[in-house]
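Asks: Give the three-dimensional model of this entry:
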Amino acid sequence: MTDTSHTHESHGYITDKDKYLARLRRIEGQTRGIHRMVDEEKYCIDILTQISALTSALESVALGLLDDHLKHCVVGAAVRGGAEADEKIKEASEAIARLVRS
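Replies: Numbers count the residues shown, from 1 in each chain. Predicted coordinates:
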């Protein structure tokens, strides 16, 4: 994973940080639940159903973070203009491409 953090500014998700952390804790719980289901040899379809729910939860977090990034980081960079704006747009486009491929 690449660390492209920028310490000179806050990130768009900061205002919703607690919400994201709560969602991620629930996702961790879902993951442990799936692990337990496999360990207990539960029915395949039931496990697949839980994996689908986990995938949806992760996608929801990803889309929320992307939305925050576009509204905060990309818009801010666009207002300032220059190379930073081009870089933020490129980062966002690449992130969207990764989400679409997954």
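Asks: Tell me the predicted confidence for the residue nearest in space to the middle of the chain.
Replies: For the chain, the residue nearest the mean C-alpha position is residue 62 (2.4 Å; C-alpha atoms, centre = their mean). For residue 62, the model assigns a pLDDT of 94.
Asks: Hmm, residue 98 and it touching each other?
Replies: No - in terms of C-beta atoms under 8 Å, residue 62 does not count as a neighbour of residue 98; the distance is 9.1 Å. Quick note: C-beta positions are derived from backbone N, CA and C, even for glycine.
Asks: Show me what the strand or helix carrying residue 64 is packed up against.
Replies: When elements are assigned from DSSP states H and E, residue 64 belongs to helix 44-69. Under the contact criterion of 3 or more C-beta pairs under 8 Å, 6 or more residues apart in numbering; DSSP states H and E, helix 44-69 touches helix 17-39, helix 82-101.
Asks: and the last one, C-alpha only, in CSV?
Replies: Extracted as CSV, the C-alpha positions of helix 82-101 are listed here (Å, rounded to 0.1, in the frame of the first residue of the first chain):
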residue,chain,number,x,y,z
GLY,A,82,-1.6,24.3,-10.6
ALA,A,83,0.2,21.0,-10.4
GLU,A,84,-1.4,20.1,-7.1
ALA,A,85,-4.9,20.2,-8.7
ASP,A,86,-3.6,17.9,-11.5
GLU,A,87,-2.1,15.5,-9.0
LYS,A,88,-5.3,15.3,-6.9
ILE,A,89,-7.5,14.7,-9.9
LYS,A,90,-5.1,12.0,-11.1
GLU,A,91,-5.1,10.4,-7.6
ALA,A,92,-8.9,10.4,-7.5
SER,A,93,-9.2,8.9,-11.0
GLU,A,94,-6.7,6.2,-10.1
ALA,A,95,-8.7,5.4,-6.9
ILE,A,96,-11.9,5.2,-8.8
ALA,A,97,-10.3,2.9,-11.3
ARG,A,98,-9.1,0.6,-8.5
LEU,A,99,-12.6,0.5,-6.9
VAL,A,100,-14.2,-0.3,-10.3
ARG,A,101,-11.8,-3.2,-10.9
